[in-house]
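Chemist: using only what follows, build the 3D model:
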Amino acid sequence: MGVDARRRTRADRTGPPGREAARLSRRRDRRPGAARGAGRTGGGAGGRDGRRHVNRELSIARKAIGWWQRQGWIGGDPTIGIERRPVPPDRTKALAENQIAALWRLDVALREKTLWKLLYESAARADEVLCLNVEDLYPQDKRGKITAKGGATEWIHWQSGTAQLLPRLIARRTRGPLFLTDRKAPTGTPTLDVCPETGRARLSYRRAEEIFEENTRLLANPLASPDDIEDLDGWTLHRLRHSALTHDAEDGTSPPMLLARSRHASVRSLERYARPGVDSVARHVAERDPAARRRT
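Modeler: Numbering: from 1, shown residues only. Model prediction:
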């Protein structure tokens, strides 16, 4: 399971082709400040999004250059001396509890409900979960085997929400990819990415991310009009993992348990999740509101 699926799903992240790429380009052009190419947090090369874009392109270029050097096609590295740009941290990645509750109320397909619930309850990475096969699951124990970063085989655990949805998603299947596309797999799809019982392909990271982003645009922009939905940006799948770990930390989960849940290599990696989320800060401020104290 893992290698071919992961290569394919990661390749899908580089961007949707064809009409979808054109649509995203039009959306970027319509954003405030897009024409100016500037802004505090996005758009321009000096903003957060611009810096991330530069760093991503630099990383891609260096990987290509390294491969070309190993083939003997070039001798030097033209990116030497180019440094990655510092990216200001985004402190709003963890979703609030009411946002998570609103997500569960969306009217979406069973596949999406199961995927999103599993990502949040397990705090697993999306590409790991999308590489799951039916035979990797241990439903009675509410856990499954995933192939993690570096190729290690590890456990992920889920709760009752996922446990109630999985049997309906799996139906009578006994093997093959857990999350499937709606159509038959095209010719040439790797065997490991095709369900031997239905002939459908494994759901790609790109498509799963696209569906999640489209369905969460109004949740991410509560003051926006539904008429403007094409111009809005929704959430990313990674925010479910980030939210789960942040909420665990807020509830007093110990660092060793957070490490086990997140499967990070060091405690330092947990710092981004250990910060109190928006709900905790809001409660803290409300509890110390002088007007509220007078009423009590």
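Chemist: skip ahead from the longest helix along the chain and say which helix or strand is next.
Modeler: For the chain, the helix reaching the highest residue count under DSSP state H is reported as helix 48-70. The helix or strand immediately downstream of helix 48-70 is helix 97-104, counting by DSSP states H and E.
Chemist: output that next one as CSV - backbone C-alpha positions only.
Modeler: Written as CSV, here are the backbone C-alpha positions of helix 97-104 (Å, rounded to 0.1, in the frame of the first residue of the first chain):
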residue,chain,number,x,y,z
GLU,A,97,-15.1,24.5,18.8
ASN,A,98,-18.1,26.1,17.2
GLN,A,99,-16.4,25.9,13.8
ILE,A,100,-15.7,22.2,14.3
ALA,A,101,-19.4,21.7,15.3
ALA,A,102,-20.5,23.6,12.2
LEU,A,103,-18.3,21.4,10.0
TRP,A,104,-20.1,18.3,11.3
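Chemist: and it, which residues are buried?
Modeler: The neighbour-count criterion (16 or more other Cβ atoms under 10 Å) identifies Gln99, Ile100, Leu103 as the buried residues of helix 97-104. Where you see a C-beta, it was placed from the backbone N, CA and C, and this is true even at glycine.
Chemist: and the gap between the first one and Ala282?
Modeler: If I follow you right, that is Gln99. As defined by Cβ to Cβ, to the nearest Å, Gln99 lies at a distance of 13 Å from Ala282.
Chemist: so what's the residue lying closest to Lys93 once chain neighbours are set aside up against?
Modeler: Setting aside the residues directly before and after it, Lys93 is nearest to His242 in space (Cβ to Cβ, 6 or more residues apart in numbering), at 4.5 Å. For His242, the contacting residues are Lys93, Ala94, Arg272, Tyr273, taking Cβ atoms under 8 Å, 6 or more residues apart in numbering as the criterion.
Chemist: could I get those as JSON lines with distance to Trp116 and neighbour count?
Modeler: Compiled in JSON lines, the contacts of His242 are given as follows (distance: Cβ to Cβ, whole Å; neighbours: other Cβ atoms under 10 Å):
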{"residue": "Lys93", "distance to Trp116": "16", "neighbour count": "17"}
{"residue": "Ala94", "distance to Trp116": "16", "neighbour count": "25"}
{"residue": "Arg272", "distance to Trp116": "21", "neighbour count": "15"}
{"residue": "Tyr273", "distance to Trp116": "19", "neighbour count": "25"}
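Chemist: relative to Asp227, which of those is nearest.
Modeler: For these, the closest approach to Asp227 (Cβ to Cβ) belongs to Lys93, at 27.7 Å.
Chemist: would you check that my belief about the closest one contacting Arg239 is correct?
Modeler: Yes. When contacts are counted by Cβ atoms under 8 Å, Lys93 is listed as touching Arg239 (5.5 Å).
Chemist: now do the SS call for Asp182.
Modeler: strand (DSSP: H, G, I helix; E, B strand; the rest coil).
Chemist: please report phi then psi for the closest residue to it other than its chain neighbours.
Modeler: What sits nearest to Asp182 in space, not counting adjacent residues and going by Cβ to Cβ, 6+ apart, is Arg200, at 7.3 Å. The main-chain torsion angles of Arg200 are listed as degrees, to the nearest 10 and equal phi -90, psi 160.
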